[in-house]
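Colleague: following is a predicted model, sequence given first.
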Amino acid sequence: MSALENSRLLVAATGLVLAAAAGCERASDPGVEMIGSPGTFAGPHAHFRKAVLKNAAGQTVARVTWVRGRGDRVGVFASVDFPGARVGFHGIHIHANDNPANGEGCVADPAMPPATHFVSADGHYNPTSMTHGAHGGDMPNVLVLDDGSAALSFTSQVDLDDIDGRAMILHEGVDNHGNVPVGPAANQYTANSPDAVTLTQNTGNAGVRIGCGVIR
């Protein structure tokens, strides 16, 4: 395949993702047919969940929509508008929001260090007790461009009823999805401490939480 053909494929794929993200704004109307692959997403009787993510200052930085399709498939569309955010990939996940001792929902005091922001959302949503990379709340990294915009579209198998009331988190760093080959070999990583391995296995070491929204 030529470089020109590759570039055309890339443009076509990008256009599809952006079109899906644009469809998020229409997803709140259950009478509207969703944009997507033919037959994948339900029309008049679609079931939706949405989250609006805000930063510690209360500014909206991302919107995520889940659309129930046929069978156990769920279409997920995310759009980000966060000028000033670090250009590159950012981790984005469903967090459990299940421990009232840490607060509930999206709690962040701008006067406090970023490491304290949105810890109220607790850890990743993980209904089947898997290691990171296979959590129910794991999502692909989202690529933020130099103007602060981004779009993401993929298929998931989350239970829309069970994620109601959970929290969406956008992270400052990239999520490694637990893909760090730990061990003593020359092509493996030897951690400085067990805490480093635990951080990767739990959260992908994606850094501080820069946006949060409760799923409704």
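Modeller: Arrived safely. Numbering: from 1, shown residues only.

Colleague: which ones are touching Gln201?
Modeller: The contact partners of Gln201, by C-beta atoms under 8 Å, 6 or more residues apart in numbering, come to 131-132, 178. Every C-beta, even on glycine, is put in place using the N, C-alpha and C of the backbone.

Colleague: tell me the one of those nearest Ser156?
Modeller: Proximity of those to Ser156 (C-beta to C-beta) peaks at His132, which lies at 15.9 Å.

Colleague: show me where the protein has its helices.
Modeller: 3-23, 160-163, 194-203 (DSSP state H).

Colleague: other SSEs contacting the shortest one?
Modeller: This means helix 160-163. strand 48-54, strand 60-68 (3 or more C-beta pairs under 8 Å, 6 or more residues apart in numbering; DSSP states H and E).

Colleague: quick revisit: and the helices of the chain, which one's lowest on average pLDDT?
Modeller: Lowest mean pLDDT of the helices of the chain: helix 3-23, a mean of 33.

Colleague: most tightly surrounded among the helices and strands packed on helix 160-163?
Modeller: strand 60-68 (a mean of 22; mean count of other C-beta atoms under 10 Å).

Colleague: return the alpha-carbon coordinates of that one using CSV.
Modeller: Coordinates of the C-alpha atoms in strand 60-68 are reproduced here as CSV (Å, rounded to 0.1, in the frame of the first residue of the first chain):
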residue,chain,number,x,y,z
THR,A,60,-15.8,21.3,31.7
VAL,A,61,-13.0,19.5,30.0
ALA,A,62,-14.6,16.3,28.6
ARG,A,63,-17.9,14.6,27.8
VAL,A,64,-18.4,10.9,27.6
THR,A,65,-21.5,9.0,26.3
TRP,A,66,-22.3,5.3,26.5
VAL,A,67,-24.9,4.0,24.1
ARG,A,68,-26.4,0.5,24.5
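
Colleague: what strands flank that strand, and is each parallel or antiparallel?
Modeller: Using DSSP bridges, strand 60-68 pairs in its sheet with strand 48-54 (antiparallel), strand 74-81 (antiparallel).

Colleague: save the ones you listed as JSON lines, and put in mean pLDDT too.
Modeller: Listed next are these as JSON lines, based on pLDDT from 0 to 100:
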{"stretch": "strand 48-54", "mean pLDDT": "95"}
{"stretch": "strand 74-81", "mean pLDDT": "93"}
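
Colleague: would JSON lines of these with distance to Asp109 be doable?
Modeller: Listed next are the strands paired with strand 60-68 as JSON lines, based on distance: least, C-beta to C-beta, whole Å:
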{"stretch": "strand 48-54", "distance to Asp109": "14"}
{"stretch": "strand 74-81", "distance to Asp109": "23"}
